[in-house]
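J.: have a look at this prediction, sequence included:
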Amino acid sequence: MQVLCVPTEECGQIVCAVCGTQYKLYFERPSREDREEAIALVLQALARHHEADEGAAAHPQRPFNVPEWSGRPELSAAALLGGAPLRF
Ligand SMILES: [Zn+2]
């Protein structure tokens, strides 16, 4: 299950517990169980970003996938199947 995390200024679906950065999430699959599992993975990824830096700059300043994916985020399965906007 892949998730696309897009930083947003308002009405994010998930908030970093350390710095308060908000993210909109786009899921590869729609089931609720899958989403809960994926959200837990995203929270872990956000916490890992802060291992070296407590500020908001610890996070990528652009959309990213969880788990990590080396391709372009806007072409990931989570973006395409989750209905993310084509341009962020
Ligand atoms: Zn943070």
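T.: That came in fine, so what should we check first? All of these numbers come straight from a predicted model, not from anything done at the bench. Numbering: from 1, shown residues only.
J.: make it CA atoms for all contacts and neighbour counts henceforth
T.: Fine.
J.: and residue 25, what element?
T.: strand 22-27 (DSSP states H and E).
J.: gap between that strand and the chain center?
T.: Relative to the centre of its chain, strand 22-27 is centred 5 Å away, using C-alpha atoms, centre = their mean, to the nearest Å.
J.: ok, residues contacting the helix or strand that it is followed by?
T.: Where DSSP H and E defines the elements, the next helix or strand beyond strand 22-27 is helix 32-49. By C-alpha atoms under 8 Å, 6 or more residues apart in numbering, the list of residues contacting helix 32-49 from outside reads 1-3, 14, 16-18, 27, 29, 58-59, 66-67.
J.: do that again at 7 Å, thanks
T.: Applying C-alpha atoms under 7 Å, 6 or more residues apart in numbering, the external contacts of helix 32-49 come out as 1, 3, 16, 58, 59, 66.
J.: distance check, residue 8 against residue 33.
T.: As judged by C-alpha to C-alpha, to the nearest Å, residue 8 and residue 33 stand 24 Å apart.
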